[in-house]
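Participant: Using only what follows, build the 3D model:
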Amino acid sequence: MHQDVCFLRDFYYSSALGRAAQKAMRDRLSACWPSVAGLSVAGFGFAAPLLRPCLQDARRVIALMPAQQGVMHWPAEAANHSVLVEETNWPIASDSIDRLVVLHGIETSDRPAALMEEAARVTKIGAKVVLILPNRSGLWARRDGTPFALGRPYSLGQVETLLVEHGFAVENHSAALFFPPRDRATWLRWAMVMENMGQKLSRYHAGGVLLVEAMRVADAPRPSGLSVRERKPLRILDPVRAGGTQPAWRGKPNQSSAPAAKTWAEESSLPARR
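Facilitator: Sure, this is the predicted structure:
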């Protein structure tokens with residue numbers, strides 16, 4: 001099941017809890033990417049709330065929104081930077097993106113492996129990618145009413161494996177959303193205080209979302225054929241040794257067994273019984 005763009009828009013732009021979550025994740029993304037001046041930046045899923053600071057300095061900013069989710073005009077007060085795309089077929093040239101952030105895109109995807117292959121295709125060698133996914137051990141993935149409760153939550157090891165298997169080298173990881181997902185003024189007044197404390201006390205265990213940064217690397221050549229050769233082949237395939245001995249797979253004859261029957265030539269040379 002995919003998120004609905006109207007629900008995501010209302011959460012991040014209309015609710016106090018969504019605006020607090022937006023600020024917490026945007027601060028962590030800014031720490032990963034201090035400057036994007038002159039770079040091509042893209043976001044997949046619903047990454048528009050995190051891309052606004054990039055509009056000033058980046059050479060190009062594009063928000064890719066999957067068809068199952070829907071699309072909206074973004075930013076509302078300026079020229080549109082968003083586009084409706086197929087989940088695994090983006091209208092972007094290969095090796096053209098310098099920075100890519102994915103938010104609310106992988107956990108609800110039916111084909112996360114194919115989605116990561118498309119992300120690897122559009123990014124340059126040396127480009128940076130940040131995946132933001134619900135933390136399997138966090139509170140936000142267990143609380144209904146937020147976008148992080150829908151879809152499959154991930155552990156840190158699963159995110160890193162997903163990146164490594166599709167041509168990325170993991171460089172850094174962090175977390176965000178250390179405050180509880182409660183839309184109450186009493187909790188939200190302390191949201192940023194708890195967020196700062198969480199960044200100092202825990203790297204990712206208690207955070208609501210995981211942020212994993214990786215770099216696109218060149219694809220290593222894969223060897224053809226079997227990667228490991230069998231050192232001891234099956235004995236049944238050994239040839240018959242010289243001297244008329246038996247094949248190796250038959251083994252040695254049993255010494256305690258009865259003597260072998262005489263051949264036809266030996267039987268014919270014996271005198272007939274009367």
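
Participant: Within the helices and strands, which one has the most centrally placed residue in the chain?
Facilitator: Nearest residue to the geometric centre of the chain (Cα atoms, centre = their mean): Leu162, 2.5 Å. For Leu162, the element it lies in under DSSP states H and E is helix 156-164.

Participant: buried ones in that helix?
Facilitator: Neighbour counts over helix 156-164 (16 or more other Cβ atoms under 10 Å) mark 156, 159-160, 162-163 as buried. Yep, even glycine has a C-beta here, placed from its N, CA and C like the rest.

Participant: Redo those residues as CSV? Include distance to Pro66 and pLDDT.
Facilitator: Listed next are the buried residues of helix 156-164 as CSV, based on distance: Cβ to Cβ, whole Å; pLDDT from 0 to 100:
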residue, distance to Pro66, pLDDT
Leu156, 25, 92
Val159, 19, 95
Glu160, 24, 95
Leu162, 17, 95
Leu163, 20, 96
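
Participant: that older thread, packing partners of the helix or strand that comes right after the helix holding Leu162?
Facilitator: Next along the chain after helix 156-164, taking DSSP H and E as the criterion, comes strand 168-176. Counting contacts by 3 or more Cβ pairs under 8 Å, 6 or more residues apart in numbering; DSSP states H and E, strand 168-176 is packed against helix 16-32, strand 123-134, helix 156-164, helix 191-201, strand 209-216.

Participant: Any idea which of these gets closest to Met116?
Facilitator: Minimum separation from Met116 across the helices and strands packed on strand 168-176 (Cβ to Cβ) falls at helix 156-164, 6.1 Å.

Participant: Next, count neighbours for Asp27.
Facilitator: A total of 15 residues lie near Asp27 under the criterion other Cβ atoms under 10 Å.

Participant: Ignoring the adjacent residues along the chain, who's closest to it?
Facilitator: Ala176 (7.7 Å; Cβ to Cβ, 6 or more residues apart in numbering).

Participant: Enumerate the beta-bridge partners assigned to the one you found.
Facilitator: Taking DSSP bridges as the rule, Ala176 bridges to Val209.

Participant: wait, isn't it in contact with Ala206?
Facilitator: No - Ala176 lies out of contact with Ala206 (Cβ atoms under 8 Å); the separation is 10.7 Å.

Participant: Between those two, point out the one with more neighbours.
Facilitator: Neighbours per residue (other Cβ under 10 Å) separate Ala176 from Ala206, with Ala176 holding more: 26 against 17.

Participant: do you know how far the more buried one is from Met25?
Facilitator: Between Ala176 and Met25 the computed distance is 5 Å (Cβ to Cβ, to the nearest Å).
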